[in-house]
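> Predicted model follows, preceded by the sequence.
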Amino acid sequence: MKDHLTVVKHPLIQHKLTLMRQKDTSTAVFRQLLREISQLLAYEVTRELPMTTRTIDTPLCPMEAPVLAGRKLALISILRAGNGLLDGMLELIPSARVGFVGLYRDEATLQPVQYYYKVPDHLDERLVIAVDPMLATGNSSAAAIDLLKGSGATDIRFLCLLAAPEGVARMKEAHPDVPVVTAALDERLNEKGYIVPGLGDAGDRMFGTK
């Protein structure tokens, strides 16, 4: 992927995102929409995967058919909200290896605090896709990528539902080699570090917590 930031303008993605933004959308519907939108975004973020061929038998004859090359890709969920994107992507890529990065944002400093880290082996031989619905300040995302690079990952992509200009700039500064794929680039962050207009706290809306 050549561009640092890709905003996916597909009509189905934009329509579903509008439904998710509405404050009266229920938790169940929000979760379902996130699962659906994650599959559509997964189609974009997995473009240009390395391919090879193998010989198969169709009902009519043998043929050289295209298949994915190399090790299974790794999907890394930035907890807890990343799990909403992860679930939908796993339906599309069920053989993917899965890892988790546990980070929470200190509400006073807006800096990430790590509490969990478990990822697949051989990250240096896999395409690694880190997922988190919101790229707000970018601090947690940049910290998660730091950890993944520390585990050997070199081919990393970041997938989110919404991004703020501040978060995109932070990621480009910290990790210019990591492409960001999102459904929307919103206006700004507010004084609490939330994306505006945004959709509120993705984790709270997904899990029904406050």
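Here it is on my side, so go on.
> Remind me which helix or strand E91 belongs to.
E91 is located in helix 82-92, with elements delineated by DSSP states H and E.
> what's in contact with the longest strand along the chain?
Using DSSP state E, we find that the single longest strand of the chain is strand 97-105. Strand 97-105 is contacted by residues 72-80, 82, 86, 90, 111-120, 126, 130, 137, 139-140, 143-144, 147-148, 193 when judged by C-beta atoms under 8 Å, 6 or more residues apart in numbering. All C-beta spots, glycine's among them, are computed from the backbone N, C-alpha and C.
> what do you get for stretch 77-93?
31, 34-39, 41-43, 46, 73, 75-76, 96, 98-103, 116, 129-134, 140-141, 144, 159-161, 202-203, 206-207.
> Out of those, list just those in helices.
31, 34-39, 41-43, 140-141, 144, 202-203, 206-207 (DSSP state H).
> low pLDDT regions in the protein?
Residues of the chain meeting the criterion pLDDT under 70: 1-2, 210.
> mind listing what the closest residue in space to G152 that isn't next to it in sequence touches?
Of all residues not flanking G152 in the chain, D124 sits nearest, at 3.8 Å (C-beta to C-beta, 6 or more residues apart in numbering). By C-beta under 8 Å, 6+ apart, D124 lies in contact with 152-154.
> So among the residues you listed, which ones count as buried?
The neighbour count (16 or more other C-beta atoms under 10 Å) marks A153 as buried among the contacts of D124.
> The contacts of D124 into a markdown table, with extra columns for secondary structure and distance to P11?
Output for those, formatted as a markdown table (DSSP: H, G, I helix; E, B strand; the rest coil; distance: C-beta to C-beta, whole Å):
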| residue | secondary structure | distance to P11 |
| --- | --- | --- |
| G152 | coil | 39 |
| A153 | coil | 33 |
| T154 | coil | 34 |
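> Quick one: the contacts of D124 as a markdown table, columns for distance to K9 too.
Compiled in a markdown table, those are given as follows (distance: C-beta to C-beta, whole Å):
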| residue | distance to K9 |
| --- | --- |
| G152 | 34 |
| A153 | 28 |
| T154 | 29 |
